[in-house]
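# after the sequence you'll find the predicted model.
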Amino acid sequence: KQEVTQIPAALSVPEGENLVLNCSFTDSAIYNLQWFRQDPGKGLTSLLLIQSSQREQTSGRLNASLDKSSGRSTLYIAASQPGDSATYLCAVREEYGNKLVFGAGTILRVKS
Amino acid sequence: KAGVTQTPRYLIKTRGQQVTLSCSPISGHRSVSWYQQTPGQGLQFLFEYFSETQRNKGNFPGRFSGRQFSNSRSEMNVSTLELGDSALYLCASRRGGGTDTQYFGPGTRLTVL
């Protein structure tokens, strides 16, 4: 059974810091890995998707990497801003069942 | 391009009642999935529909059911509501291939009293 773990569970940083969120998964039989952002009481916003054959994806201040063989992904946020405060969720799409399996998320707070 | 829309956004029901939630996917997307989000269990997969057929189902009791129409719109039904069904129900759509990006709607907040 696929399990996705996110570390840390919560993170509080001053504005301007660079930070790294971690995601690990137990079964490497995945199509892709997707990072989402969720604001309180809202739906999920897709940030980055990395296909299983790719190593990284970049969008603006965000960079996500994937090491499928070791079951790890990182989300790097450069020059953090208060508007980045949210819960960040990592999800893998399984080859078997073709569904997204989510981690519990990292709650990020960026202080101004 | 319009995103995934869900109606209603909020619902309050009592135990034993049933409820129907609706989801309209992004135009051109044929796959619709439903997820339940609770503080204790996080995000859990309910089921996926593709071209009006249920393609996959999560580990939920038979009280949870769904369907998809020919225009790809989907409904989810929960019968005999229990207190533990209180959750944010999220609908997501994608084109249908295994490598597609999944896009989520704003969710329906269901409260069972």
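Yep, that arrived. Numbering: from 1, shown residues only, chains lettered A, B, ... in the order given.
# drop to CA atoms for contacts and neighbour counts, all remaining ones
OK.
# which pLDDT does the model give the residue of chain A found nearest chain B?
Closest residue of chain A to chain B, Cα to the nearest Cα: residue A:43 (4.0 Å). Residue A:43 carries a pLDDT score of 92 in this model.
# for burial, what's the neighbour tally of it?
Number of residues near residue A:43 (other Cα atoms under 10 Å in any protein chain shown) recorded here: 21.
# show the backbone phi and psi for it.
Backbone geometry at residue A:43, expressed as degrees, to the nearest 10, gives phi -80, psi -170.
# could you do residue B:63 as well?
phi -60, psi -20.
# give me the nearest residue to the residue of chain A closest to chain B, chain neighbours excluded.
Nearest residue to residue A:43 in three dimensions, chain neighbours excluded: residue B:106, at 4.0 Å (Cα to Cα, 6 or more residues apart in numbering or on different chains).
# cool, and residue A:90?
Leaving aside its sequence neighbours, residue A:90 is closest to residue A:35 (4.7 Å, by Cα to Cα, 6+ apart).
# contacts only, for residue A:26.
Under the criterion of Cα atoms under 8 Å, 6 or more residues apart in numbering or on different chains, the contact partners of residue A:26 comprise A:2-4, A:71.
# just those residues: which are in strands?
Applying DSSP state E to the contacts of residue A:26, the entries found in strands are residue A:4.
# ok, residue A:68 touching residue A:50?
No - using Cα atoms under 8 Å, residue A:68 makes no contact with residue A:50, being 10.3 Å away.
# check which helix or strand covers the spatially closest residue to residue A:67 that is not a sequence neighbour.
In space, residue A:67 comes closest to residue A:73 once its chain neighbours are excluded; the distance is 6.2 Å by Cα to Cα, 6+ apart. Secondary structure assignment for residue A:73, by DSSP states H and E: strand A:72-77.
# that strand packs against which elements?
Contact analysis of strand A:72-77 by 3 or more Cα pairs under 8 Å, 6 or more residues apart in numbering or on different chains; DSSP states H and E lists strand A:19-25, strand A:62-67 as its packing neighbours.
# now do the longest one against strand A:72-77, angle only.
Just to be clear, that refers to strand A:19-25. Taking axes from the mean of the first three to the mean of the last three Cα atoms, to 10 degrees, one finds strand A:19-25 and strand A:72-77 inclined to each other by 160 degrees.
# likewise for the last one?
Using the same axes, to 10 degrees, one finds that strand A:62-67 and strand A:72-77 are set 170 degrees apart in direction.
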